[in-house]
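Participant: Fold the following and give me the result.
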Amino acid sequence: MKAVKIENMPELPYAVEEALNRLRVNITFLGTDVRKIMVISTTPDEGKSFVAIQLWRQLADTGISSVLLDADMRKSVMADKYKLTLENEGSLKGTSHYLSGSYPLEDAIYHTQFEKGDILPNTDNVVNPSRLLESSRFAQMLDQMAEKYRYVLVDSAPLDLVSDGERIGSLCDGALLVVRAGTTPKGIVKKSVQQLERAGCPLLGIILNRVENYTGGYYNKRYGSRYYGKRYYGYGKRYYGYGKQYYGYGNEYYKKSKS
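Facilitator: You can find the predicted model right below:
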């Protein structure tokens, strides 16, 4: 297997690292049947790729065999943003190359500096990847990965732009929905949940990202605790929450909902 080095993997603040660690722990509690997990958002720029690659790194660092699949073939920036560099000569290939039938899977998956972490990047974007995603080759690829790795994390295109996420979700064991706090309207988030349900993809959790100056009143008014009844994971000045209890990191707060 060829190897790449992820040059741009900055050290995260303690609060963010701890929140991601809690997310990783909760993922491992989901049972052995959950192997293929899609990480998705409603709109662009909500932080789904950040969550996907950091969760994958956390899993790999703790000795859990994991592969990160970049399936956002329309507008992927992962390879450039995180500076994936081949350790030997040659050009970096990836998802679209394999699905188009021009590259074998074993050559499209790369080992990284994380001992238990492999990655299948996307280096050439496609104008309309729908036919590639709908092919049996894509479904077979996910199954092959799930047999080899404990977790397959799939970074998908946002739900509100195209149908890619629904197609990918229909082949996964569940999805993590990344929501940007204070930006993504509640109605759009509800629509995304409905899309996942229509695709037959269980919602494993909602990750509320980029939370600033948290107050319980803002959260309850903006999103509504009755709607978000399952679990929440937050980052940074941000928070990790579970059920109706919220544990804060950095902002020094603990709040238990009155409801």
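
Participant: in the protein, which spans are strands?
Facilitator: Shown for the chain, the strands assigned by DSSP state E span residues 4-6, 36-41, 66-70, 84-86, 110-111, 117-120, 151-155, 174-180, 203-209, 231-234, 239-242, 245-248, 254-256.

Participant: need the helices for the stretch 1-150 of the chain, in chain order.
Facilitator: Using DSSP state H, counting those that start in this stretch, the helices of the stretch 1-150 of the chain run over 14-28, 48-61, 78-81, 95-99, 105-108, 130-133, 136-148.

Participant: in the first one, what counts as buried?
Facilitator: The reference is to helix 14-28. 15-16, 18-20, 22-24, 27 (16 or more other C-beta atoms under 10 Å). Bear in mind the C-beta positions are built from the backbone N, C-alpha and C, glycine included.

Participant: For those, give me CSV that also has distance to Lys5.
Facilitator: CSV is the format used below for the buried residues of helix 14-28 (distance: C-beta to C-beta, whole Å):
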residue, distance to Lys5
Ala15, 27
Val16, 22
Glu18, 26
Ala19, 26
Leu20, 21
Arg22, 28
Leu23, 25
Arg24, 23
Ile27, 26
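
Participant: Pull the number of nearby residues for Gln195.
Facilitator: Residues lying near Gln195 (other C-beta atoms under 10 Å) number 20.

Participant: Tell me how far Ile206 lies from Asp45.
Facilitator: Applying C-beta to C-beta, to the nearest Å, the value for Ile206 to Asp45 is 17 Å.

Participant: Same question for Ser96.
Facilitator: 22 Å.

Participant: Between the two, which has more neighbouring residues?
Facilitator: Ser96 (21 against 11).

Participant: Next up, the contacts around that one.
Facilitator: 73, 122-126, 129, 132 (C-beta atoms under 8 Å, 6 or more residues apart in numbering).

Participant: Which pLDDT value goes with it?
Facilitator: Note on Ser96: pLDDT of 91.

Participant: I'd like the numbering to begin with 28 instead of 1 from here.
Facilitator: I'll keep to 28 as the first residue from here, and by that count the last item is Ser123.

Participant: Number of residues surrounding Ser92?
Facilitator: Around Ser92 there are 14 residues (other C-beta under 10 Å).

Participant: Dihedrals phi and psi, it?
Facilitator: For Ser92, the backbone dihedrals (degrees, to the nearest 10) come out as phi -60, psi 120.

Participant: pretty sure it contacts Leu180?
Facilitator: No: Ser92 is beyond contact range of Leu180, at 11.8 Å (criterion: C-beta atoms under 8 Å).

Participant: Ala166 and Pro185: what is the separation?
Facilitator: Taken as C-beta to C-beta, the span from Ala166 to Pro185 is 21 Å.

Participant: same question, Phe141
Facilitator: Distance from Phe141 to Pro185, by C-beta to C-beta: 27 Å.

Participant: out of those two, which sits in the busier spot?
Facilitator: Remark: of Phe141 and Pro185, Pro185 carries more neighbours, 21 against 18, as counted by other C-beta under 10 Å.

Participant: pLDDT score assigned to that one?
Facilitator: 92.

Participant: Any figure for the gap between Gly117 and His138?
Facilitator: 14 Å.

Participant: same question, Ser103
Facilitator: On the measure of C-beta to C-beta, Ser103 and His138 end up 20 Å apart.
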